[in-house]
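Undergrad: what's the 3D shape of this:
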Amino acid sequence: LSVEVKVSTLFPESWKMKLSLLSLFLFQLLLRARGDECYDVAYKWFYSGPPNMLKGPAETAAEKMCEDYKRDVEVVKARIACVQRAFDWSYKKPMDLLKADGIKWATEKCTFLNDNIPKLDEYTNCYNQAFTFFYGKPLDLLKAPANKKSHEFCDENNNDLELLKDFIDCHKIVYDGIYKKPLDVMRNEAVPIVEKVCQASHGGGEEPARQYVECMNDKYQKCVDSKKTLAHIPCKKETLAASEDCEHFFNRGKATVTGTVRHGLTKAPVAGATVSVGTIATQTGTSGEFRLENVPEGDVTLVIVLEGFIEEKRQISVSGETNLLDMAFALSPKLEATQWRFILSWGRHPRDLDLHLKVSKGGSAQCEAKYSSKVCTFPGGKAVLDVDEQQGYGPETITVTLDSVEAASDLDFNLFVHKYAGDGTCGSSGALVRAFNGDTALNTYQVPTDATENWGVLTGSLPVPSAASTTNNNNKGFLAGLKETQQTGTDTLIVE
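TA: You can find the predicted model right below:
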């Protein structure tokens, strides 16, 4: 304003507006130079990108996004890149969504995939192939049900194109086998049978599908031979009713287990790790993914091993055909004897759980390791939040390093989980905290289902490996502290 007053006597009236606009422009440039990059990136996308919001709503949305992602510019850029790519795909055929629906779907999908664009590309490739099949013959579904089934298949089977091929082969072979002579089943009868057989048989593939068709034809022929005359209709009904007698060629009572292994300190995918259930084993791929086939149904122990890392063991429950383990498997590099590590993993929701560690000495609070103050330095050591995950699954990791084992003698540690953002509660997240020391996995702590915004994992002193398999009430450590917690019903301890 002072600039306008001084120059008003030097310039005509028509220049006053120009100078006013110029001063405003310069002021905005100054604000931008002093402002935060996160807001600028988010605002540009909401204002100029697919959301195409008005200025006010765009400003509000941008500020909320930056707040939700703790003003981490790289995380915000990754989220925008994923949503933009997902939207561009969903807005075209075959999905062909309306703009608002496309943005909603893209946002939800990227949240589920943790903004992993290669995984998004895998999904869209799987969907395109699945939709072509469901929309075409023999199923010949309408667009809406074909769309729904395509999403379901790719979501449930982790975009497995090999399994999709087996699934398609099974449908085509079984349909041709019962639609044509000798059974000569009408299309409206054949399709439900094919869907039931191939869905229940985990896709099957060519060989079991052909064996199934041969078995059905044999049963039909035997029925015809026994009746001699007017046998077609009753024998067709009898054969179709006995379909389950021929389904033993498919792999029943077995399941496929899929998941992803990540580095506990960086979140990066871990390739080359050996994943096994009993004698069934595989290795993780470049994206950390693994797939175990023919896993017996029931409760089994999944083991992950890699040189330089602490062995990971997890009890899992296997049922049905495909089991996508909806939680991060995080490997911890081996530690020194004076180091302890706690790794939090959880499911898709809530999208942001935060791991906190408070340290006190002689009853006096020292510091707290958390997302806003990652390093906590206390007398005799320090605690560091190594990784902060904001998009579900984990890992979120804190490592404690002591100058010596004796340094912990008068220290107290309070480890807890706080729900920062997203749908659901701590209790609905299925969260686990794994504790490690040296080269040993100590304990696994399972969140109680009644936990809401906070979950108190442990209080007391740090554990020692020898305590991991015993419950010593005289030892003021993990087990002693947690035993007291268990009695209040606020925690669950699994001792391995």
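Undergrad: for this structure, give me the ranges with low pLDDT.
TA: Scanning the chain for pLDDT under 70 picks out 1-35, 200-205, 250-253, 321-322, 324, 326-327, 465-496.
Undergrad: what segments of it are helices?
TA: 2-7, 14-34, 37-48, 55-68, 73-90, 99-112, 117-135, 143-156, 161-179, 187-200, 206-227, 232-241, 478-487 (DSSP state H).
Undergrad: those helices into CSV, with extra columns for distance to Gly427 and mean neighbour count?
TA: (C-beta placed from N, C-alpha, C; glycine too.) Output for those, formatted as CSV (distance: least, Cβ to Cβ, whole Å; neighbours: other Cβ atoms under 10 Å):
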stretch, distance to Gly427, mean neighbour count
helix 2-7, 59, 10
helix 14-34, 43, 11
helix 37-48, 31, 18
helix 55-68, 22, 16
helix 73-90, 26, 19
helix 99-112, 20, 18
helix 117-135, 28, 18
helix 143-156, 24, 17
helix 161-179, 33, 20
helix 187-200, 33, 17
helix 206-227, 42, 17
helix 232-241, 47, 15
helix 478-487, 15, 19
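Undergrad: dump those helices into JSON lines; add distance to His356 as well.
TA: Shown next, in JSON lines, are the helices of the chain (distance: least, Cβ to Cβ, whole Å):
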{"stretch": "helix 2-7", "distance to His356": "50"}
{"stretch": "helix 14-34", "distance to His356": "32"}
{"stretch": "helix 37-48", "distance to His356": "23"}
{"stretch": "helix 55-68", "distance to His356": "19"}
{"stretch": "helix 73-90", "distance to His356": "20"}
{"stretch": "helix 99-112", "distance to His356": "23"}
{"stretch": "helix 117-135", "distance to His356": "30"}
{"stretch": "helix 143-156", "distance to His356": "33"}
{"stretch": "helix 161-179", "distance to His356": "41"}
{"stretch": "helix 187-200", "distance to His356": "45"}
{"stretch": "helix 206-227", "distance to His356": "52"}
{"stretch": "helix 232-241", "distance to His356": "61"}
{"stretch": "helix 478-487", "distance to His356": "16"}
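Undergrad: among the ones you listed, which is nearest Thr444?
TA: helix 478-487 (11.4 Å; Cβ to Cβ).
Undergrad: distance of Asp96 relative to Phe413?
TA: Distance of Asp96 to Phe413, given as Cβ to Cβ, to the nearest Å: 54 Å.
Undergrad: ok, those two, which is more surrounded?
TA: Phe413 (23 against 12; other Cβ atoms under 10 Å).
Undergrad: is it true that Asp72 touches Ser372?
TA: No - with contacts counted by Cβ atoms under 8 Å, Asp72 stays clear of Ser372, the gap being 11.8 Å.
Undergrad: have a look at the two and say which one is more surrounded.
TA: Shown here are Asp72 and Ser372; by other Cβ under 10 Å, Asp72 has more neighbours (16 against 9).
Undergrad: what ranges does the stretch 351-496 of the chain have for its strands?
TA: Using DSSP state E, counting those that start in this stretch, the strands of the stretch 351-496 of the chain run over 352-361, 364-369, 375-378, 381-387, 396-402, 411-421, 432-437, 440-446, 454-460, 492-495.
Undergrad: figure out which of those strands is closest to Ile103.
TA: strand 411-421 (19.6 Å).
Undergrad: if we can go back for a sec, please tabulate the strands of the stretch 351-496 of the chain in CSV, including the columns distance to Glu67.
TA: Below are the strands of the stretch 351-496 of the chain laid out as CSV (distance: least, Cβ to Cβ, whole Å):
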stretch, distance to Glu67
strand 352-361, 11
strand 364-369, 21
strand 375-378, 23
strand 381-387, 19
strand 396-402, 19
strand 411-421, 9
strand 432-437, 26
strand 440-446, 30
strand 454-460, 20
strand 492-495, 33
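Undergrad: figure out which of those is closest to Val213.
TA: Minimum separation from Val213 across the strands of the stretch 351-496 of the chain (Cβ to Cβ) falls at strand 432-437, 45.7 Å.
Undergrad: CA atoms of that closest one as PDB?
TA: Extracted in PDB, the C-alpha atoms of strand 432-437 (Å, rounded to 0.1, in the frame of the first residue of the first chain):
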ATOM      1  CA  LEU A 432       1.500 -57.300  15.300                       C
ATOM      2  CA  VAL A 433       4.700 -56.000  17.000                       C
ATOM      3  CA  ARG A 434       7.800 -58.200  16.700                       C
ATOM      4  CA  ALA A 435      10.600 -57.800  19.200                       C
ATOM      5  CA  PHE A 436      14.300 -58.700  18.400                       C
ATOM      6  CA  ASN A 437      17.600 -58.600  20.100                       C
END
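Undergrad: wait, Asp423 touches His349, no?
TA: Yes - with contact defined as Cβ under 8 Å, Asp423 counts as touching His349 (4.8 Å).
Undergrad: in terms of neighbours, single out the busier of those two.
TA: More crowded of Asp423 and His349, by other Cβ under 10 Å: His349, with 20 against 11.
Undergrad: give me every residue that touches the more buried one.
TA: 392, 422-424, 428-429 (Cβ atoms under 8 Å, 6 or more residues apart in numbering).
Undergrad: can you tell me which of those residues has the most neighbours?
TA: Ser429 leads the contacts of His349 on contacts (other Cβ under 10 Å) with 28 neighbours.
Undergrad: isn't that one right next to Ser345, touching?
TA: No - judged on Cβ under 8 Å, Ser429 makes no contact with Ser345 at a distance of 9.5 Å.
Undergrad: the strands of the stretch 351-496 of the chain: which one's closest to Arg210?
TA: When the strands of the stretch 351-496 of the chain are compared by Cβ to Cβ, strand 432-437 sits nearest Arg210, at 44.1 Å.
Undergrad: excluding covalently adjacent residues, which one is nearest to Pro395?
TA: Ala330 (3.5 Å; Cβ to Cβ, 6 or more residues apart in numbering).
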